[in-house]
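Colleague: here you go, sequence then predicted model.
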Amino acid sequence: MSPETVRDAMVPEPTTLAAGASAQEAGQSFADTAEVRAIFVTEEGGRLLGVVTRKTLVREVVAAGREPGAVTLREIAEPPNFTLAAGLALEGAFRFLEEQDLERVPVVEEDGRLVGVLSRAVVQRRLAEDEPSEGEPEAGSLVL
């Protein structure tokens, strides 16, 4: 069995809006779904441009006194600090998330196209499920 990759554990199809969408549209997405923590802003072909959070909307639009319907996400999207390749080994990705103290990171293909999001909590659960229980032999170990 081959080692698991980021693609195996990522959440596919995260919430996205086009770069030309308005800040008002982003606000509506947040209002419609409480679970949405970030909106990924994509360019043509699904290439990741950046991320917009509730905090971004407040800082860049509301506090700045800008008209939400006139501000495009292209103007306010923050480039992601990190992305992960879909083919990266899951254990390596988990170590990276731990070292950088990241909760979630966008997953991209080689061409920069957004394909999912990797959550540290999901990876922790997934790796814990793969560990043998105490007293249970590891796969491939010899029990005499």
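Modeller: Cool, the structure landed. Residues are numbered from 1 along each chain as shown.
Colleague: now do the helices in this protein.
Modeller: Assigned by DSSP state H, the helices in the chain fall at 6-9, 23-32, 54-57, 73-76, 90-100, 120-130.
Colleague: show me which residues of the second one are buried.
Modeller: Buried residues in helix 23-32, counting neighbours by 16 or more other Cβ atoms under 10 Å, are found at Ala23, Glu25, Ala26, Gly27, Ser29, Phe30. Yep, even glycine has a C-beta here, placed from its N, CA and C like the rest.
Colleague: tell me which other helices or strands that helix touches.
Modeller: When contacts are defined as 3 or more Cβ pairs under 8 Å, 6 or more residues apart in numbering; DSSP states H and E, helix 23-32 sits against strand 16-18, strand 39-42, helix 54-57, helix 73-76.
Colleague: and for the fifth one?
Modeller: For helix 90-100, the contact count by 3+ Cβ pairs under 8 Å, 6+ apart identifies helix 6-9, helix 120-130 as packing neighbours.
Colleague: the last one now?
Modeller: When contacts are defined as 3+ Cβ pairs under 8 Å, 6+ apart, helix 120-130 packs onto helix 6-9, helix 90-100.
Colleague: closest one to Val107 among the helices and strands packed on helix 23-32?
Modeller: strand 39-42 (10.3 Å; Cβ to Cβ).
Colleague: output the below-cut-off pLDDT ranges for the protein.
Modeller: 1-2, 130-144 (pLDDT under 70).
Colleague: kindly recompute the last result at 50.
Modeller: 1, 137, 139-144 (pLDDT under 50).
Colleague: re earlier: out of the buried residues of helix 23-32, flag the one nearest to Gly112.
Modeller: When those are compared against Gly112 (criterion: Cβ to Cβ), the nearest one is Ala26, at 20.7 Å.
Colleague: list the contacts for that closest one?
Modeller: Counting by Cβ atoms under 8 Å, 6 or more residues apart in numbering, Ala26 touches Leu17, Ile39, Val52, Leu57, Leu73.
Colleague: picking up where we left off before, most packed of the helices and strands packed on helix 120-130?
Modeller: Mean neighbours per residue, mean count of other Cβ atoms under 10 Å, is largest over these for helix 6-9, with a mean of 18.
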